[in-house]
Each structure stands twice: as structure tokens, then as C-alpha cells.
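I'd like to go over a predicted model; first the sequence, then the structure.
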Amino acid sequence: MTDSSLAVTKIIDLANPTRFLAFVARVLPWFVGVTLLLFAVGLYLGFTSETDYQQGDTVRIMYVHVPAAWLSMMCYSVMAISAIGTLVWRHPLADVSHKAAAPLGAAFTLIALVTGSLWGKPMWGTWWVWDARLTSVFVLFLMYLGLIALNRSMDDPSKAARVSAVLILVGFVNIPIIKFSVDWWNTLHQPASVMRLDGPTIHPEFLWPLLVMALAFTLLFFTLHFMAMRNEIWRRRVGAQRRMAARQAGREHQS
């Protein structure tokens, strides 16, 4: 068996909720430890780095704002992949994945919006402008809230999963709009300075703390995502046991 086929087999094995819970139990302590270490290193580098000659100390907001903005889009991309798993492959944990990811995406998007406003006030002279980048990110935040409300308002988990999956895939059109809005329209928001075909334009003094913090935020997302998926599996199992007990009690009462 080749390495690629072995990896696919392991991923398929994780479709079993029991095996997935065992996998999370093994890897979660490592994820927590590495995440805390990366945050410690990233914050140290961020606070000890030089100040920007134009922005001064306010440039340090970048080390939280930019990773949160990246994660707001990456989280929705994870949800879109999970939505495909729900509609196409009927993966048993796909709907658990996108349901667990929605609150995390909303949190990262809110952090990006708040830190962006704090950064924008001294740089732009205003807390908020309705330009393409800020407006599309705000729409993303509303989409997260809508998906959370939808999942909580429907009693049938399978029906909620299918409806949510369709809406997630329709809403994915907003992700490239967010990414390329600064290139397509004239906005106050600066264009990309890290993920560029011709290489980053940001100075290494600021780039390395930013990359470490981005990796820390990414591992934080997966840590919280695994924990949320684990809790959702447990919640569904408890709910199934309660329904089974209620049906059994009903049959005993009738007899």
C-alpha cells in the first residue's frame, strides 16, 4: 500500500465517530502545547520588534488583525469543504465539522473587524468605512451568524446539515471577493503584502512575528475545532440516548 493510499485509508477510518474521538484524545494535548508555545514566541517577537517609522507602536495590532482575518476566510473554506462532504460523500462527520466551525469563524471575523477598526482610526482617521474589503468581511460575519442561527433553529440535525451545506456553498462566492477586493476596487485598505506571487513586500522585522502568529492562530483554530467537534459528537450521542430512553419509557407505559 502506497503512502497516499494509506493516508486516505486513515482519513476514511476517522469517519467513524469513535475512532475520531480516540484520534482527538491523542493529538489534542500536542495541539494545545504547540499552540501555547507559538503564541508565546509570536507575542514575544511582536512586542520586541521595531516600531514602524510611520505607524509607530500601532503596527503591533497587525500581529492579531492579519491572522484573524486570514482565519476568518480559512474557517469558511473548511466549512465549504465539509459542506461538499455532506452533500456529495455523505461523510458522517462533515456536518459536525461545519456546524462546529461556524462559531469559531464568527469569533475570528469579529476579532478582525474590531482590531481593524482600532488600527484604522489612527491610520485612516476613522473607525469604519464602507469600502469593498470591510463591507465584504462584515457580510462574512453576518453569514456566520445566520448559519449559527439556522443550526440552532432546526430540530432535525440531518435536515439542518443539508440546508446549511447548500447555503455555505452559495456563500463561498464572498471569499474571493474578500481576497481580491483590494485589487478589483479602489479601497482604503492596503493591498496584499504577504501572499503575493512576487514575494512578500513587508520587512522581515515584521514578517517573522506575523508568520509565527499566523501559525499560532491556525493551530488555535484546529485545536478549538477538534474540541467543538468532540463536544458535538457527545451531545448527539446523549440526545440519541435520551430519545431512545423516552421511546422505551413510552412503550412500557402503553403496555
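That came through, no problem.

quick one, helices of the stretch 151-255 of the chain?
157-171, 174-184, 204-254 (DSSP state H, counting those that start in this stretch).

Of the ones you listed, which is nearest residue 116?
Closest of those to residue 116 is helix 174-184, at 12.3 Å (criterion: CB to CB). In this view, the C-beta of every residue, glycine as well, is placed from N, C-alpha and C.

dump the residue contacts of residue 122.
55, 58 (CB atoms under 8 Å, 6 or more residues apart in numbering).

per-residue pLDDT, it?
For residue 122, the pLDDT comes out at 86.

how many neighbours does residue 103 have?
When neighbours are counted by other CB atoms under 10 Å, residue 103 registers 17.

hang on, the earlier thing: so which of the helices of the stretch 151-255 of the chain is nearest residue 44?
helix 204-254 (8.5 Å).

Run the angle between that closest one and helix 157-171 for me.
Here helix 204-254 points in a direction 150 degrees away from that of helix 157-171 (axes from the mean of the first three to the mean of the last three CA atoms, to 10 degrees).

Which parts of the stretch 51-200 of the chain are strands?
Assigned by DSSP state E, counting those that start in this stretch, the stretch 51-200 of the chain shows no strands.

what residue ranges in it are flagged as low confidence?
Residue ranges of the stretch 51-200 of the chain with pLDDT under 70: 192, 194-200.

mind running it again at 90?
For the stretch 51-200 of the chain, residues meeting the criterion pLDDT under 90 lie at 51-59, 89-92, 119-132, 152-160, 179-200.

Which one of the helices of the stretch 151-255 of the chain lies nearest to residue 133?
Using CB to CB, the helices of the stretch 151-255 of the chain put helix 174-184 closest to residue 133, at 4.6 Å.

hang on, isn't residue 75 packed against residue 101?
Yes. In this structure, residue 75 is within contact of residue 101 by CB atoms under 8 Å, at 5.4 Å.

what residues are shared contacts of those two?
By CB under 8 Å, 6+ apart, no residue touches both residue 75 and residue 101.

For residue 250, the count of nearby residues, please.
Neighbourhood size, residue 250 [other CB under 10 Å]: 10.

That one and residue 236, how far apart?
According to CB to CB, to the nearest Å, residue 250 and residue 236 sit 21 Å apart.

excluding its backbone neighbours, what's nearest the residue nearest the centre of the chain?
For the chain, the residue nearest the mean C-alpha position is residue 75 (2.6 Å; CA atoms, centre = their mean). The shortest distance from residue 75 to any non-neighbouring residue, by CB to CB, 6 or more residues apart in numbering, is to residue 105 (3.6 Å).

The one you found and residue 143: what is the separation?
Using CB to CB, residue 105 is found at 9 Å from residue 143.
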